[in-house]
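Undergrad: Sharing a model that was predicted from the sequence below.
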Amino acid sequence: MLWKKDVLFCDISPTTYAISEAKEKAKRYIKDFTGKDVFARGTTKKRLRNIVSTHSNHLIKKGKGIDPVLQENKAVNIDIACKKINGIVIRPGETFSFWRTVGKITRKKGYKDGRIISANKLTPGLGGGLCNLGNTIHLLVLHSPMEVTEFHTHSDALAPDEGERIPMSSGTSVCYNYVDFRFKNTTDQPVQLCVWCQDGELRGELRSRSQFPWTYEIVEEDHHFVKEDDKYFRVSKIYKLTKDRETGRVIDKKLVRDNHSEVMFDYDQIPRELIRL
C-alpha cells in the first residue's frame, strides 16, 4: 500500500476514520472530566419572564436537488433533540453544551437519516439536520451578552436564501460529541433556552429574569458570490453590533465570521446580480 503524505490518517479508510473518531470522543470525555466548566442541567416548563432574543426558520427546505425524505427525517431529528433542550436554565457561570444536553444520537431514540456534510459533501447520515438546531441556538446567543466558548463552522450556503438574506442563516456544525456548540452565561442572572417545533417551523427563544441594558444586531457587509476554479463560494463579513438600549448608540462592533463558504446548492439558483467576477 502506497502512503501519501498529504492524506490524513482518518481519510485512509472507514476503519481509520472510526479510530480517529473514537480518539476524539475519548479526548472530549477526559477534557470535560478534568476541566473546570460547570454545565447547565436543569430544565423547567415555567418560562423566565423577559425575552432576550427570538429566531425561527422553516424545518423543511424545498428546491432542486433537495431530497424531501431527508428533509422530513431532519424535522423528526430536530423535534427529538428540542425536547431534550427546551426549558434548560443556564445559571451565572454555567456553560451550555449542545451534546451534553442532547446526548448520543441513536436509532433506538428515534433518530433517522437526515442530511449531513461529510468530506465537504452533502450525504445522508444518522441525526442529520441537527446542525440546523445548533445554528438556531447560535443565532439566539449572538443576540445576547452570552459568551460563545465553542463554535465550529460548515458552509453557510447549504440552500438558496428564502426571501431576504439572514446573515449566518446556516453554518454551525455539530457532531457527537467532539464537535460541540457551547456558550457560557457570563451575566449576573440566569437565562433560559427554549426551542420547539410548531407548524412546520423550528422556533427558539432565549429568556432572562430581567432586561439587559444592551440590544444586539447581526449585520453582513460586502455579501456576494465568487467563482474559484470550478466552484462557487459565498463571501462576506458578518459583525455583531452591541447597542445601548436607551440611546441606540453602537458601543461595540465585533467580527464574528469572515465568510468564505462553498455553495452546496445548484449554481443556477445563485442570484446573478450577486456574482462578482
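TA: Good, I have the coordinates. Numbers count the residues shown, from 1 in each chain.
Undergrad: Stretch 157-171: which residues count as buried?
TA: A157, L158, A159, P160, D161, P167, M168, S169, S170, G171 (16 or more other CB atoms under 10 Å). Placement of C-beta: from N, CA and C, glycine included.
Undergrad: what about the helices in the stretch 101-250 of the chain?
TA: 130-142 (DSSP state H, counting those that start in this stretch).
Undergrad: What backbone torsions are found at T15?
TA: Backbone dihedrals for T15, given as degrees, to the nearest 10, come out at phi -70, psi -50.
Undergrad: about what we covered before: from the buried residues of stretch 157-171, pick the one nearest S56.
TA: Using CB to CB, S169 is the member of the buried residues of stretch 157-171 that sits closest to S56, with 11.6 Å.
Undergrad: my guess is the closest one meets D156, correct?
TA: Yes: with contact defined as CB atoms under 8 Å, S169 reaches D156; the gap is 7.3 Å.
Undergrad: which helices and strands does the least confident helix or strand in the chain by mean pLDDT pack with?
TA: Of all the helices and strands that make up the chain, the one with the lowest confidence by mean pLDDT, DSSP states H and E is helix 14-34; it has a mean of 83. Helix 14-34 is packed against no helix or strand, with contacts defined by 3 or more CB pairs under 8 Å, 6 or more residues apart in numbering; DSSP states H and E.
Undergrad: What's opposite D258 in the beta bridge?
TA: Taking DSSP bridges, one finds K237 as the beta-bridge partners of D258.
Undergrad: again, but for the one 4 residues further on
TA: Beta-bridge pairing of E262 under DSSP bridges involves F233.
Undergrad: mind listing what it touches?
TA: N120, S155, A157, K231, Y232, F233 (CB atoms under 8 Å, 6 or more residues apart in numbering).
Undergrad: which residue sits closest to the fifth one, ignoring its sequence neighbours?
TA: Distances taken as CB to CB, 6 or more residues apart in numbering put V263 closest to Y232, at 4.2 Å, once the chain neighbours are dropped.
Undergrad: Quick check: phi and psi at I88.
TA: Reported as degrees, to the nearest 10, the phi and psi values for I88 are phi -60, psi 140.
Undergrad: Hmm, I typed the wrong one, I wanted R41.
TA: Summarising the backbone geometry of R41 under the convention degrees, to the nearest 10, its torsions are phi -130, psi -40.
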